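**Q** what's the 3D shape of this:
(chains A and B)
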2 protein chains.
Amino acid sequence: MTRVAACQISLDIENPAQNFARANKAIADSIVQGAQIIVLPELTNSGYAFTSVAEVQERSTTLDGELISHWKEIAHQSDVVIVAGLALSVDSRLYNASVVIDKSGLLGWYSKVHLFGDEHQFFKAGEKPPLVVNTSHGRIETMVYYDIEFPEWVRLAMLDRAVLLAIPTNWPNLGQLIHGTPMEAVRVQAAASVNKMVAIAADRSGAERGHSWVSSSVITDFEGNIKAIAHRESEDDIQILVADVELPTDTSITPKNDVRKDRKPDLYNGILKY
Amino acid sequence: MTRVAACQISLDIENPAQNFARANKAIADSIVQGAQIIVLPELTNSGYAFTSVAEVQERSTTLDGELISHWKEIAHQSDVVIVAGLALSVDSRLYNASVVIDKSGLLGWYSKVHLFGDEHQFFKAGEKPPLVVNTSHGRIETMVYYDIEFPEWVRLAMLDRAVLLAIPTNWPNLGQLIHGTPMEAVRVQAAASVNKMVAIAADRSGAERGHSWVSSSVITDFEGNIKAIAHRESEDDIQILVADVELPTDTSITPKNDVRKDRKPDLYNGILKY
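**A** From the prediction side, this is the model:
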């Protein structure tokens, strides 16, 4: 079994230092609880509700900057995997990114491909597949929020043999109906289930410039069953979900069925159309 | 609004006449309740737990046989759409099929592509995309049970401009954990949500030769919210779910986002790999 954590943090675009401090506290608390894989929200360093590119730039992190260096040190010391959404500045371009760090260092960074709302005003969209990397705790994939609403995207991660899907997210509260499990979590459950992958979505809280959030971080097993889900009404600055999950060793779902081998890709050409 | 019905029927492979009678009663009751689109389970005419091809053959229906002729007459008289799973014999081949009938007649038939368990011993797998047809009550897609666990397949239906997904199913009870909404229904919710389509899954009940069923028929709106779901413990021979649903007129989900237009098919080539 692998112990995993989803850290739901109250972020504030007006207070990047506080965001960093809360992220660090959440990581430390997760380690105390024995977590081996720790997932943080989308744009953990910056918050979300930008009004200008300058605001993104000021709050962004570089690949060799203090924040990532600090997390590399923590990952090295405690042998944990940290996956976090960050406003990332690379070669003077700004990305809504997710990084994967383990004891050996920064394993890679991914830039959100499917941008939501006004994000294209602030970020360059990614052009690469979901990032899948071998970590000290399994083969992990990361994508960011709206990406997961494109089942093709999750499928690419499964086809690249990922066993765990780590999703930093800022799920916007758009006034959607929520009775029972929020649809944001339902989509994560289904993504896990049809791809036989463990899934961890780390959402955020903290109202910000008129925006609010579903605040429904969730951890599922590889059948899509919910192992832990956030209390949406909580006003905690930090809410940590912890669960023990078995990572899948194959993609079979019964002795005679396999979600990978039962695919019929020869018939899927239409997917490449708009 | 469109009134739709999912008919959950107790089927028995030993009693095809009873299956037909129950299906007819469910259709009649749905019409009394004002349903315009009526979905029946997978293999409504035959039951599921075959032990030989001869058993399938004996219970199968032909395109010009009594059963389909009768339903064409009902659809014509009452201006309803009937979607039903059938063991279908066409040109001496046996298919796990779904038919779509409206007041103008049989609009098409679909053969399940993703076969489950031992089904390949009894049926020829389909080789055509999901069936999408214009009916007197909207542009409807049909696929059968395990097909829906392949998100590529549902996507093809959305890309072909379907607004309603009709899924005849026999969801096997494999001893899976069920707390809260069964995963079978969760997958339907997510399929509806990420494709902005109404979804209707008609499951079956009735233990049969050691097989039992989840019996969790479900109707969702185009956001994936559950409008009606079967009482799993019910021992009714017929359980009819009825709901009023709005059919979508486009694929936008916010003023700035659209589940169709936000796709990045140029980056989805990997989907065509095994």
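**Q** Flag every residue of the stretch 1-150 of chain A that's near chain B.
**A** A:Val113, A:His114, A:Phe116, A:Gly117, A:Asp118, A:Glu127, A:Lys128, A:Pro129, A:Tyr146, A:Glu149, A:Phe150 (C-beta under 8 Å from any C-beta of the partner chain). From N, CA and C alone the C-beta is placed, and that goes for glycine too.
**Q** tell me the contacts of the closest residue to the fourth one other than its chain neighbours?
**A** Just to be clear, that refers to A:Gly117. Spatially, and ignoring its direct neighbours in sequence, A:Gly117 is nearest to B:Lys256 (5.2 Å; C-beta to C-beta, 6 or more residues apart in numbering or on different chains). By C-beta atoms under 8 Å, 6 or more residues apart in numbering or on different chains, B:Lys256 lies in contact with A:Phe116, A:Gly117, A:Asp118.
**Q** any idea where the helices of the stretch 101-250 of chain A begin and end?
**A** Along the stretch 101-250 of chain A, counting by DSSP state H, counting those that start in this stretch, helices occupy A:151-159, A:183-195.
**Q** Any chance of those in JSON lines with mean pLDDT as columns?
**A** Shown next, in JSON lines, are the helices of the stretch 101-250 of chain A (pLDDT from 0 to 100):
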{"stretch": "helix A:151-159", "mean pLDDT": "97"}
{"stretch": "helix A:183-195", "mean pLDDT": "98"}
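**Q** So which of those is nearest B:Asp64?
**A** Between B:Asp64 and the helices of the stretch 101-250 of chain A, the shortest gap by C-beta to C-beta is with helix A:183-195, which sits at 37.0 Å.
**Q** ok, and does that closest one reach over to chain B?
**A** Yes - on the criterion C-beta under 8 Å from any C-beta, helix A:183-195 is in touch with chain B at A:Met183, A:Val186, A:Arg187, A:Gln189, A:Ala190, A:Ala191, A:Ser193, A:Val194.
**Q** nearest to chain B, of the residues you listed?
**A** The nearest member of those to chain B, counting by C-beta to the nearest C-beta, is A:Ala190 at 3.3 Å.
**Q** and the residue nearest to that closest one when sequence neighbours are not counted, how many residues sit next to it?
**A** Excluding the flanking residues, the one nearest A:Ala190 by C-beta to C-beta, 6+ apart is B:Ala190, at 3.3 Å. Neighbour count of B:Ala190, defined by other C-beta atoms under 10 Å in any protein chain shown: 29.
**Q** can you pull the contacts of B:Ala190?
**A** By C-beta under 8 Å, 6+ apart, the contact list for B:Ala190 reads A:Val186, A:Arg187, A:Gln189, A:Ala190, A:Ala191, B:Gly224.
**Q** Quick check: chain neighbours aside, which residue is closest to the fifth one?
**A** Meaning A:Ala191. A:Val154 (4.6 Å).
**Q** Quick check, that neighbour in contact with A:Thr142.
**A** No - assessed by C-beta atoms under 8 Å, A:Val154 is found out of contact with A:Thr142, at 11.5 Å.
**Q** Next, the distance between the ends of stretch A:92-112.
**A** Terminal residues of stretch A:92-112 are spaced 17 Å apart (C-alpha to C-alpha, to the nearest Å).
**Q** Next, the buried residues of that stretch.
**A** Buried residues in stretch A:92-112, counting neighbours by 16 or more other C-beta atoms under 10 Å in any protein chain shown, are found at A:94-103, A:106-107, A:109-112.
**Q** Can you give me the neighbour number for A:Asp244?
**A** Counted with other C-beta under 10 Å, the neighbours of A:Asp244 add up to 15.
**Q** That one - nearest residue in space that isn't next to it in sequence?
**A** Spatial nearest neighbour of A:Asp244, excluding adjacent residues (C-beta to C-beta, 6+ apart): A:Met1 at 4.4 Å.
**Q** And A:Lys264, by the same measure?
**A** Nearest to A:Lys264 is B:Val113, by C-beta to C-beta, 6+ apart, at 5.7 Å.
**Q** Phi and psi next, for that neighbour.
**A** phi -90, psi -40 (degrees, to the nearest 10).
**Q** I figured it was touching B:Asp147, is that so?
**A** Yes - using C-beta under 8 Å, B:Val113 makes contact with B:Asp147 at a distance of 6.1 Å.
**Q** Could you tell me which residues touch both of those two?
**A** Counting by C-beta under 8 Å, 6+ apart, the residues touching both B:Val113 and B:Asp147 are B:Trp153.
**Q** Tell me which of the two has more neighbours.
**A** Taking other C-beta under 10 Å, B:Val113 and B:Asp147 do not tie; B:Asp147 has more neighbours (25 against 21).
**Q** about what we covered before: I only care about the residues of helix A:183-195 next to chain B that end up buried; give me the ChimeraX line for that.
**A** Selection of buried members from the residues of helix A:183-195 next to chain B for ChimeraX, criterion 16+ other C-beta under 10 Å:
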select /A:183,186,187,189,190,191,193,194
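**Q** Next one, pLDDT for A:Gly47 please.
**A** In this model, A:Gly47 is scored at 96, pLDDT.
**Q** Confirm it sits in a helix?
**A** No - A:Gly47 sits outside any helix when classified using DSSP: H, G, I helix; E, B strand; the rest coil, being coil.
**Q** Counting neighbours, what do you get for it?
**A** Around A:Gly47 there are 27 other residues, counting by other C-beta under 10 Å.
**Q** Report the contact partners of the residue nearest to it when sequence neighbours are not counted.
**A** Nearest residue to A:Gly47, sequence neighbours excluded (C-beta to C-beta, 6+ apart): A:Ile13, at 3.1 Å. A:Ile13 sits next to A:Ser46, A:Gly47, A:Tyr48, A:Ala49, A:Phe50, A:Glu55, A:Arg59, A:Glu208, A:Arg209 when contact means C-beta under 8 Å, 6+ apart.
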